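**Student:** Dropping the sequence and predicted coords here.
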Amino acid sequence: MRLSTMSLLTGSVLLMAGGLQAHHSHVPFYDLDQVVEITGVVKKFRLINPHPELLLEVMGANGEPEEVMVYAQAYAGQMREVGGWNNDSVKVGDTVTAAGHPGRGSVTSVMGQTLTTPSGDVLDMRFFDLLKPPGPRSQ
């Protein structure tokens, strides 16, 4: 392969990789230095790609109901295959507690880390937590 072709190919790959990283950077949208915990009633649950979402109705600071969108950091396929999520993991009307990073400027959006179901199960919503092996490997 000629050097100019190799340089063009390498440059193209590097440009695409930078774009993918920028797409998945959460810093512009969420305050990664804070973790909030919100409890609310599920109004909508969608186990969709690229990131599943829950719409929760929570009690706002002024005592009025507010809607908060909780986006999973992990991908839907990863949550299904590794995390054990399915379309019935969360049901409309369930009262759940989500922990995650608040949106910048307001808490109308949260990048979810964990979700506690009415039965007390804690479900992972983070990409890297779902990559961890389920326990110690046998020797």
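**Tutor:** Okay, I see it.

**Student:** And the longest strand seen in the chain, what does it pack against?
**Tutor:** Scanning the chain for the strand with the most residues, using DSSP state E, yields strand 36-46. Applying 3 or more C-beta pairs under 8 Å, 6 or more residues apart in numbering; DSSP states H and E, one finds that strand 36-46 contacts strand 53-59, strand 65-72, strand 95-102. (Glycine included, C-beta is placed from N, CA and C.)

**Student:** Show me the strands paired with it, marking each as parallel or antiparallel.
**Tutor:** Strand pairing for strand 36-46, using DSSP bridges, gives strand 53-59 (antiparallel), strand 95-102 (antiparallel).

**Student:** Now that strand: buried residues?
**Tutor:** The neighbour-count check on strand 36-46 (16 or more other C-beta atoms under 10 Å) flags 38, 40, 42, 45 as buried.

**Student:** What lies in contact with it?
**Tutor:** 52-59, 67-68, 70, 87, 89-102, 107, 110 (C-beta atoms under 8 Å, 6 or more residues apart in numbering).

**Student:** One more: stretch 96-112?
**Tutor:** 26, 28-32, 34-40, 42, 54, 56, 66-73, 90, 113-118, 125-126.

**Student:** Just the mean pLDDT for stretch 102-120, thanks.
**Tutor:** Over the span of stretch 102-120, the pLDDT mean works out to 88.

**Student:** of the contacts of strand 36-46, buried ones?
**Tutor:** 52-56, 68, 70, 89-90, 94, 96, 98-102, 107, 110.

**Student:** Same list as before, the strands paired with strand 36-46 that is, but in a markdown table and with distance to Gln78 included.
**Tutor:** Listed next are the strands paired with strand 36-46 as a markdown table, based on distance: least, C-beta to C-beta, whole Å:
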| stretch | distance to Gln78 |
| --- | --- |
| strand 53-59 | 15 |
| strand 95-102 | 16 |
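
**Student:** Between the ones you listed, which one is closest to Arg80.
**Tutor:** strand 53-59 (14.7 Å; C-beta to C-beta).

**Student:** average pLDDT for the closest one?
**Tutor:** For strand 53-59, the per-residue pLDDT averages 96.

**Student:** Could you check the angle it makes with strand 65-72?
**Tutor:** 150 degrees (axes from the mean of the first three to the mean of the last three C-alpha atoms, to 10 degrees).
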